[in-house]
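Curious how this folds, go ahead:
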Amino acid sequence: MFYVRPSQLFTQSYDDKKLDLTMPDTGCSIDIIREELTEKARSMVPALRGRAAEAETNRRLPDITHREFLEAGFYKMFQPHRYGGYELSWDSILDIAAELGRGCGSSCWVFTNLTGQSWINGMKCEQAQDDVWANNPDAVIASSFPGKDAIVKTVQGGWVASGTWGFSSGIDFADWSNVQLFVPQDNAPPQHQFALVPKTDFFSFVDDWNPCGLAATGSRSFVLKEVFIPKHRAISAAEVQGGATPGSKVNPNPLYKLPLFALGTKQFSSTAVGIALGALDAMWTDLSIRKSVAGVKLSEQGTVQARVAEASTEVDAARALLSSDFKEGMQIAAGDKPPTQDQRARWRRNNAYAGKLCVQAVERLFPLVGGRGLVFDSIFQRAVRDVHAATSQNSMAWDVAAMMYAQQRFGAVISDPRYFPGVKKG
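Sure, this is the predicted structure:
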């Protein structure tokens, strides 16, 4: 196992083909770190698969899974170097998710959500980063979305928040939550902010996570009561559209200049890829030994072969689509110009379509499962539930993403102003 100290800073250079990062005092390149993390994730698949049923019943991951992720360095992937992080290229989240998702979709979802929040915090001002990591470099951040009773009031120096915030995946293991605030504005839409709240400021938890898919993510709600949130701990949606951010002043890696809504949401589609690969694994294993009632090997039947081949192609296509966007996004972030609105709309479209492909792949395999695949604790049945849950996240909705892409191309009214601040809004 390797560890990176804050003093072990990386040098970096970008070209059209690859990102090259090297630790001068160890000679350890980012490519090597990425390969080691991927191998660690791959080695965890059997254990995660073995824990999945119990985790689903408990509606949270076992503590040992979080400890293994922490010790492996998964939460360090996008943390700034200044706190011992690795600052890997954003596309490496797909490498790890594609492995972890094979074993347990919920474990993968918690990983992508928690490590993704470290990336977002790296875009915030230096003081916000210090608040989280100066005294505890291993601190982990979750996220949350406001409920109907959530109230945000603007006060001097920040905001006061009260009410319920939910969908906080992995909150059991987090030290902070990056809560989403919709701050009321005079004669204008609410201002969307991502603001840090320490878990010590929570009033209570609400045991309300009882879904059919991704059940083990522990994405329950919590209650805030008159909690003051300093303004420096927040970053607005308008500040994370691509290009320079408050954090990129102290963290010069292009990673912290990527657009949040257009590329950051690929953490969800990356999880969908891993889940679909797990479903394929289950089918390859099952169909290779199963026979029909007539004693014919299912693996030798043309209809079976065609379905498995097409499903695997759909997953490969989803992964290729995401990889292409990741590469393009990092290349643009390394330059002087922010991404265009057309590029951001296309990246968001591709993200949702990759999720759609993963759902199609799993559903294409479903007729081959038979009665054994209907059992609740079946590996394949869990994958069906989990891939549908992953693609139900609002940024993964294909109809919405497709519509916004067409709106942008046609110059029509934009239905969600968070993605394109300053343009014509509905």
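
In this structure, where is pLDDT below threshold?
1-28, 417-426 (pLDDT under 70).

Pull the contacting residues for M44.
By Cβ atoms under 8 Å, 6 or more residues apart in numbering, the residues touching M44 are E68, A72, E99, L100, G103. C-beta here means a position set from N, CA and C on the backbone, and glycine is covered the same way.

from those residues, which ones fall inside helices?
Among these, DSSP state H puts E68, A72, E99, L100, G103 in helices.

thinking again about what came up before, who wins on neighbours among the contacts of M44?
Neighbour counts for the contacts of M44 (other Cβ atoms under 10 Å) peak at L100, which has 31 neighbours.

which one is it nearest to, not counting chain neighbours?
Distances taken as Cβ to Cβ, 6 or more residues apart in numbering place C108 nearest to L100, at 4.1 Å, with adjacent residues excluded.

Helix, strand, or coil at the one you found?
Classification of C108 using DSSP: H, G, I helix; E, B strand; the rest coil returns helix.

OK, contacts around it?
By Cβ under 8 Å, 6+ apart, C108 lies in contact with A97, L100, G101, T271, G274, I275.

burial count for D63?
Using other Cβ under 10 Å, D63 has 10 other residues around it.

Against D207, how distant is it?
In this view, D63 and D207 are 18 Å apart by Cβ to Cβ, to the nearest Å.

which residues in the chain form helices?
Going by DSSP H, the chain shows helices at 30-58, 63-72, 92-103, 105-121, 126-133, 266-287, 302-333, 341-365, 379-390, 398-410.

Packing partners of the last one?
In this case it means helix 398-410. helix 341-365 (3 or more Cβ pairs under 8 Å, 6 or more residues apart in numbering; DSSP states H and E).

Quick one: distance of the helix it packs on to the chain centre.
14 Å (Cα atoms, centre = their mean, to the nearest Å).

Likewise for stretch 377-394?
Relative to its chain's centre, stretch 377-394 lies at 15 Å (Cα atoms, centre = their mean).

which parts of that stretch are buried?
Buried residues in stretch 377-394, counted by 16 or more other Cβ atoms under 10 Å: 378-391, 393.

which one of those sits closest to R233?
Closest to R233 out of these is Q393 (24.3 Å), distances taken as Cβ to Cβ.

need the contact list for the residue nearest to the spatial centre of the chain.
Nearest to the geometric centre of the chain sits Q267, at 2.7 Å (Cα atoms, centre = their mean). Q267 makes contact with I93, A97, T112, N113, T115, G116 under the criterion Cβ under 8 Å, 6+ apart.
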